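> how would this look folded up:
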Amino acid sequence: VQLVESGGGSVQAGGSLRLSCAASGSAASSLYMAWFRQAPGKEREGVAAIRTGGGATYYADSAKGRFTISRDNAKATLYLQMNSLKPEDTAMYYCAADRSVASPLATRDYEFWGQGTQVTVS
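Residues are numbered from 1 along each chain as shown. Sure, this is the predicted structure:
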């Protein structure tokens with residue numbers, strides 16, 4: 001198992017959640033890690049990404065100012081702090097990792113994927 005997400009759940013609008021993604025194997029040494037989400041009937045979309053070696057971060061417009069991505073390299077764990085949650089944030093959230101990506105928020109660029117954790121905002 002390469003990536004395992006946790007921390008999803010149900011929360012009221014305006015609330016917060018912190019997602020975690022524990023990486024192992026080849027995924028743990030990936031240069032890029034990211035969070036994606038997929039709502040029912042919609043395509044999977046990039047939410048936030050982070051690059052080690054400098055810590056550059058990338059956010060979708062929908063996440064800017066509300067979500068914060070971070071990574072604990074010692075623990076090989078990726079986090080997504082989500083604040084001011086909205087009903088439209090309801091989706092399955094996936095962790096992804098890859099050694100090199102052309103577009104940090106592009107689904108097609110990532111090799112490793114977790115199974116997802118559900119976030120429901122009401």
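
> residues in contact with Lys42?
Lys42 is in contact with Ala91, counting by CB atoms under 8 Å, 6 or more residues apart in numbering. (Glycine included, C-beta is placed from N, CA and C.)

> So what sits opposite the nearest residue to Tyr59 once chain neighbours are set aside in the bridge?
Leaving aside its sequence neighbours, Tyr59 sits nearest to Ala48 (CB to CB, 6 or more residues apart in numbering; 5.0 Å). On the basis of DSSP bridges, Ala48 is bridged to Trp35, Tyr59.

> what's the answer for Thr77, then?
Bridge pairing for Thr77 (DSSP bridges) gives the partners Ala22, Asp72.

> show me what contacts it?
By CB under 8 Å, 6+ apart, Thr77 lies in contact with Ser20, Cys21, Ala22, Ala23, Arg71.

> Which of those residues has the largest number of neighbours?
Cys21 (26 neighbours; other CB atoms under 10 Å).

> List the residue ranges of this structure that fall below the pLDDT cut-off.
Scanning the chain for pLDDT under 70 picks out the ranges 1.

> Strands of that one, residue ranges please.
Listed in chain order, the strands of the chain (DSSP state E) span 3-6, 9-11, 17-23, 32-38, 45-51, 57-59, 67-72, 77-82, 91-98, 112-113, 117-121.

> Name the residues that touch the third one?
By CB under 8 Å, 6+ apart, the list of residues contacting strand 17-23 from outside reads 2-9, 11, 30, 33, 35, 75-82, 85, 93, 95, 97, 112, 114, 117, 119.

> Let's see that with 6 Å instead.
3-7, 11, 76-82, 93, 95, 114 (CB atoms under 6 Å, 6 or more residues apart in numbering).

> That one versus strand 45-51: what angle between them?
60 degrees (axes from the mean of the first three to the mean of the last three CA atoms, to 10 degrees).

> can you check the last one too?
Regarding strand 117-121 and strand 45-51, their directions subtend 120 degrees when assessed with the same axes, to 10 degrees.

> Backbone dihedrals for the nearest residue to Ala97 once chain neighbours are set aside, please?
By the measure of CB to CB, 6+ apart, the closest residue to Ala97 outside its immediate chain neighbours is Ser30, 3.7 Å from it. Ser30 adopts backbone torsions of phi -70, psi 140, taken as degrees, to the nearest 10.
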